[in-house]
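> Mind folding the following:
(one chain, ligands or ions: 1)
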Amino acid sequence: MIEASVGQDGDNRAADVRTVQWLVLRIGIEPGGIDGIVGPRLIAAIRSVQERFGIEPDGRIDPGGATLARLRAAPARWADSSDWPEARKLASLHPQFRRQVVTLIDRLRDDGFRPVIVYGWRSVAVQERLFRAGTSKVTFSFHNAQTPDGLPAAWAADLVDERWYWREPDAHVFFRALGKAAKAQGLVWGGDWKFRDWAHVQGRRNAELAAVRRESGLS
Ligand SMILES: [Zn+2]
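Okay, the predicted model is just below:
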């Protein structure tokens, strides 16, 4: 899951650091950014994890070590990801899809819009809540896509203009621009569906949902 040690005096390879940042956040401890960079905040978070598990708090996580094993085995306690800062929402997208969304956001800004992500990745628990509330039609969506280790790697994002959200002043001026720009990026736009999902863009076709679920380790 990580190739080398992370934290105090660790090797701190960016991909490993990012994994640890997600793992710490997954159990409800704030790691700071999900940016692959080790700072005092992350080291303090690792120490908190170790104290919680009764492990000597040396601020470092080693591959094959006790802290990593306990972190992975602990139940997920994700907060609602719609409250995350924008950078974290972007970090929660599958890398390939993220590049497309970054371009999409740039294009919309060029056209004078102020796009923000409402949801990138979200947990299956949040998805089930939205399903029960009737806000979503499915119990697993492209928003829930994850790595086989259960870390965020969403294939969907909901974007709105921060001035309007879903109450646009003028005949879906933002959403139509979103749809056009999304399709130019090769993305699927929810505004084209019968059950219109104006803010929703995704990087895979609906027919691939079962495959994405399997890739997510959720067969
Ligand atoms: Zn969506």
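> Show me which helix or strand of the chain is least confident by mean pLDDT.
The helix or strand of the chain with the lowest confidence, counting by mean pLDDT, DSSP states H and E, is helix 124-133 at a mean of 92.
> tell me which residues in that helix are buried?
By neighbour count on 16 or more other CB atoms under 10 Å, the buried set for helix 124-133 is Val124, Val126, Gln127, Leu130, Phe131. All C-beta atoms are positioned from the backbone trio N, CA, C, and that covers glycine.
> Tell me the spacing between the closest residue to the fourth one other than its chain neighbours and the ion.
Spelled out, that is Leu130. Nearest residue to Leu130, sequence neighbours excluded (CB to CB, 6 or more residues apart in numbering): Ser136, at 4.2 Å. Ser136 is 8 Å from the ion, where distance means CB to the ion, to the nearest Å.
> next one: Ala69
34 Å.
> Give me the neighbour count for that residue.
Neighbours of Ala69 under the rule other CB atoms under 10 Å: 13.
> which residues touch the residue nearest the centre of the chain?
Closest to where the C-alpha atoms of the chain average out (CA atoms, centre = their mean) is Ser92, at 2.2 Å. Neighbouring residues of Ser92 by CB atoms under 8 Å, 6 or more residues apart in numbering: Ile34, Ser81, Trp84, Gly120, Trp121, Pro152, Ala153, Ala154.
> and the residue of this structure nearest the ion?
His200 (3.4 Å; CB to the ion).
> what's next to the longest helix seen in the chain, contact-wise?
Using DSSP state H to define each element, the chain has its longest helix at helix 95-110. With CB under 8 Å, 6+ apart as the contact definition, helix 95-110 has outside contacts at 90-91, 93, 115, 117, 153-157, 159, 174, 177-178, 181-182, 184-187, 201-203.
> Among these, which lie within strands?
Pro115, Ile117, Ala156, Ala157, Leu159, Val201, Gln202 (DSSP state E).
> Ranking by neighbours, what's the top pick from those residues?
Ala157 (30 neighbours).
> confidence score at it?
Here the pLDDT value assigned to Ala157 is 98.
> before we move on, what about the one 10 residues further on?
Arg167 is assigned a predicted lDDT (pLDDT) of 92.
> and if you look at Lys137?
pLDDT for Lys137: 86.
> That one: what's it in contact with?
Lys137 is in contact with Phe131, Phe195, counting by CB under 8 Å, 6+ apart.
> Next: the one 4 residues further on.
By CB under 8 Å, 6+ apart, Ser141 lies in contact with Gln127, Ala156, Leu209.
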